[in-house]
Every structure is written in structure tokens, then in C-alpha cells.
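Enquirer: following is a predicted model, sequence given first.
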Amino acid sequence: MADAKIRLYVDQPLGPGQPVTLNADQAHYLFSVMRLGVGAFLLLFNGRDGEWRAEVTSAARKAGTLTCEAQTAPLRMPPDLWLLFAPIKKARTDFIVEKAAEMGAARIIPVQTRFTNADRIRQDRLQAHAVEAAEQCGGTFVPEVADLVPLDRLLADWPQDRKILWCNEHLAGVAEALPKAGTPGPWAILIGPEGGFSEAEQTRLAAMPQVVQASLGPRILRADTAAVAALALWQTLLGDWA
Ligand code: SAH
């Protein structure tokens, strides 16, 4: 059997003998860039049905068909963890989404805070980054990237049972505020923008019963570093690294 190292996300059902129709971009990638031809094998996932080995059954420049053969991995869901972060510069925002998908966030929610410089995001582009990250890290699940939402509005309807790990830069260096292993369950991590959180935001967060304030060590981290550090900590203490 030809090797099956290429992993491709497709938004179509996968199952035994299931045909998969490629769009022009996918056909271009597989046949022109990766030079696959009829009879080659690759791995597919759709975020729902696990990972499948599939064979190329027809190949043209802008179209093609694959046929699923056998499941190679079941669907592996990440823990029920959301990442809330204030978008920063484009490349750093892309980085946060990519890393959150690799690190096993179930949902990624860009939030607009008082000191967030972005007032819109390209949700489709960020979602594509999450797909690419899942393709390359062996994931069978793709976290949804939500559209930008004002933090105030998100907090106004915040679920009673979902805790928020608020990474609060004012606690930098406070050893007692390092996150501790606690009750697993639905959580969200909240990372602020380069300008930090406003007084009003801090007051509001501090008053919410779902909020657990945390330090990420003695140094002030950039928001992208803070997001990855917080995800690693949470996965170690409460998630699927434990
Ligand atoms: N301008 C702010 C720093 C913001 S850093 C200041 O100088 O105080 C961006 C975000 O990363 C913060 O809002 C916080 O969520 C997180 N962060 C960075 N370093 C942190 C630390 N040591 N502890 C907790 N959170 C931190």
C-alpha cells in the first residue's frame, strides 16, 4: 500500500466505501503540489468521523474523487476548554489560533476588550488556520473559531457552570496565584490584549463566581506567549496531559 502521510480535512461524511468529492483547491493541492495520482493513499478527517485512509480514484487538475477505505483513528475530542483572547496583530493572532488548535482547545473565541486594537477579524481565515493546525498535528477534531464578540456581552450570558481561568498580569510573580489542579469540568482561559484589562473589566471579572484568577509566573508575557503558556498549564493540571 502506498504511504498515507498526507492528512486532509474535508467537510464531508466519511465511512466505509464513502466517495469524497474534492474541490478545486483540494485537487490542486493533492495532484499538483503533492503529486498524488490515482491509486495513491492519504488520510482524511472531518472533525466528526475520526480519521480514514482513502484512495485517489480519479484525479484531474481542478477536480477529483477519493474513496474511503478504513478508519485509522477514532474521533478524539479535546477537553471542554475554550480559549478567550483579545486579538492582537495579524501574525500573532494567527499564531494564537494555530497553537490553540494544536494544544487542544475545543473552542476559540476572539474577544473585544476595552484595549483591543482590532474591531473586526477575518473569521474564515482564522478558521482555516485551525484546520491546517489539526491537519499537521494529527488531530481528528477542529475547534470552532467564533466571530469577534465584545467581552462584556460574552460575560453577560456566561454559563453558570463554566469556570474562567483569568490570566491576570497584575498577579505576575504572586506564587500563590499559580493555577492549581482542581475540579475538571468546563473551563475557559481568558488572555488580555497587549494593553491589559481596563479597571472596569477587572472589577467585573473579579466579581464573577466562575472566575479563578491566575498568575503565569514572575514575568509579563506577550499575549501570544501567555495563551500558549496558559493552555499548557491547564492541560497539565486539568486536561488531557494529566
Ligand atoms: N500591558 C500589560 C500586559 C499585558 S500582557 C501590562 O504591562 O501589565 C497580555 C495578557 O497576557 C494579559 O492581559 C494576561 O492575560 C496575560 N499575561 C501575561 N503575563 C502574565 C502573567 N505573568 N500572569 C498572568 N497573566 C499574564
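Expert: Received it, and whenever you're ready, just let me know what you need.
Enquirer: what about the residue in the chain that the ligand sits nearest to, neighbour count?
Expert: Nearest residue of the chain to the ligand, counting by CB to the nearest ligand atom: residue 192, 2.4 Å away. Just so you know, the C-beta spots here come from the backbone N, C-alpha and C atoms, and that holds for glycine as well. The number of residues packed near residue 192 is 26, by other CB atoms under 10 Å.
Enquirer: show me the contacts for the closest residue in space to it that isn't next to it in sequence.
Expert: Once flanking residues are discounted, residue 192 sits nearest to residue 86: 5.6 Å by CB to CB, 6 or more residues apart in numbering. Contacts for residue 86 (CB atoms under 8 Å, 6 or more residues apart in numbering) come out as 110, 111, 112, 113, 115, 116, 151, 191, 192, 193, 223.
Enquirer: now the residues you listed in JSON lines, with secondary structure, distance to residue 79 and pLDDT?
Expert: Output for those, formatted as JSON lines (DSSP: H, G, I helix; E, B strand; the rest coil; distance: CB to CB, whole Å; pLDDT from 0 to 100):
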{"residue": "110", "secondary structure": "strand", "distance to residue 79": "20", "pLDDT": "98"}
{"residue": "111", "secondary structure": "strand", "distance to residue 79": "20", "pLDDT": "98"}
{"residue": "112", "secondary structure": "strand", "distance to residue 79": "26", "pLDDT": "97"}
{"residue": "113", "secondary structure": "coil", "distance to residue 79": "25", "pLDDT": "97"}
{"residue": "115", "secondary structure": "coil", "distance to residue 79": "29", "pLDDT": "95"}
{"residue": "116", "secondary structure": "coil", "distance to residue 79": "27", "pLDDT": "92"}
{"residue": "151", "secondary structure": "helix", "distance to residue 79": "23", "pLDDT": "97"}
{"residue": "191", "secondary structure": "strand", "distance to residue 79": "17", "pLDDT": "98"}
{"residue": "192", "secondary structure": "coil", "distance to residue 79": "23", "pLDDT": "97"}
{"residue": "193", "secondary structure": "coil", "distance to residue 79": "25", "pLDDT": "95"}
{"residue": "223", "secondary structure": "helix", "distance to residue 79": "22", "pLDDT": "96"}
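Enquirer: leaving out sequence neighbours, find the closest residue to residue 109.
Expert: Using CB to CB, 6+ apart, the closest residue to residue 109 is residue 146 (4.5 Å).
Enquirer: okay, the one you found: pLDDT?
Expert: Per-residue pLDDT puts residue 146 at 98.
Enquirer: can you tell me how far it is from residue 103?
Expert: As defined by CB to CB, to the nearest Å, residue 146 lies at a distance of 17 Å from residue 103.
Enquirer: neighbour count: those two, which is higher?
Expert: residue 103 (22 against 18).
Enquirer: check contacts around the nearest residue to that one once chain neighbours are set aside.
Expert: Spatially, and ignoring its direct neighbours in sequence, residue 103 is nearest to residue 231 (4.0 Å; CB to CB, 6+ apart). Taking CB under 8 Å, 6+ apart as the criterion, residue 231 is in contact with 81, 83, 99, 100, 103, 104, 105, 189.
Enquirer: can you get me a residue count around the last one?
Expert: If I follow you right, that is residue 189. Counted with other CB under 10 Å, residue 189 comes out at 25.
Enquirer: same check, this time on the fourth one
Expert: Residue 100 has 28 neighbouring residues, counting by other CB under 10 Å.
Enquirer: which SS class is it?
Expert: helix (DSSP: H, G, I helix; E, B strand; the rest coil).
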